[in-house]
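1. Quick one, structure for this:
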Amino acid sequence: MDKLKKARKAYIKTIHIPFWFSFFKLFHRDFYSNYREREMCEANAYLIKDGEEKLIMENVDTLRPENNGIYLQDIFGGQRTIKARIKEMNLVDHRILLEE
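-> Numbers count the residues shown, from 1 in each chain. Just a heads-up that it's a prediction; the model follows:
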């Protein structure tokens, strides 16, 4: 009887669990990829100069108005201060528009 229980446990571990897990991942693949994309909340900062948008920093997670402009910091620790004002922040599209 003891050998039968061990055989069942081994069968469940090797066949059933990986099968159901891979089926679940395959079936819900789109849900999880969309969830991962929406989970990140960093934005890209663009500067509008002479009517053109120019990307100035990617993955911005800190934006702070200061006396001499706008302070930006990305997720890697990169920092930048720009003499500009905030025109628009669209957090759903992960875009920050600044203009001089």
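2. what residue ranges in the chain score low on pLDDT?
-> Screening the chain residue by residue with the criterion pLDDT under 70, one finds the ranges 1, 4, 7-40.
3. Please provide the alpha-carbon coordinates for stretch 66-73, formatted as PDB.
-> Once non-C-alpha atoms are left out, stretch 66-73 reads as follows in PDB (Å, rounded to 0.1, in the frame of the first residue of the first chain):
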ATOM      1  CA  GLU A  66      11.600  72.900  -8.800                       C
ATOM      2  CA  ASN A  67      12.500  76.600  -8.900                       C
ATOM      3  CA  ASN A  68      14.800  76.200 -11.900                       C
ATOM      4  CA  GLY A  69      12.600  73.800 -13.900                       C
ATOM      5  CA  ILE A  70      11.400  70.200 -13.700                       C
ATOM      6  CA  TYR A  71      13.400  67.500 -12.000                       C
ATOM      7  CA  LEU A  72      13.200  64.000 -13.600                       C
ATOM      8  CA  GLN A  73      14.600  60.700 -12.400                       C
END
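4. got the buried residues for that stretch?
-> 70, 72-73 (16 or more other Cβ atoms under 10 Å). C-beta coordinates here come from the backbone N, C-alpha and C atoms, glycine included.
5. Would you mind giving those residues as JSON lines with secondary structure and distance to Val60 added?
-> As requested, the buried residues of stretch 66-73 are exported to JSON lines (DSSP: H, G, I helix; E, B strand; the rest coil; distance: Cβ to Cβ, whole Å):
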{"residue": "Ile70", "secondary structure": "strand", "distance to Val60": "10"}
{"residue": "Leu72", "secondary structure": "strand", "distance to Val60": "5"}
{"residue": "Gln73", "secondary structure": "strand", "distance to Val60": "7"}
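6. Relative to Asp61, which of those is nearest.
-> Gln73 (6.7 Å; Cβ to Cβ).
7. about what we covered before: distance to Leu63 added to the buried residues of stretch 66-73, as a markdown table?
-> Shown next, in a markdown table, are the buried residues of stretch 66-73 (distance: Cβ to Cβ, whole Å):
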| residue | distance to Leu63 |
| --- | --- |
| Ile70 | 7 |
| Leu72 | 6 |
| Gln73 | 8 |
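8. nearest to Asn44, of the residues you listed?
-> Comparing the buried residues of stretch 66-73 against Asn44 with Cβ to Cβ picks out Leu72 as the nearest, at 10.5 Å.
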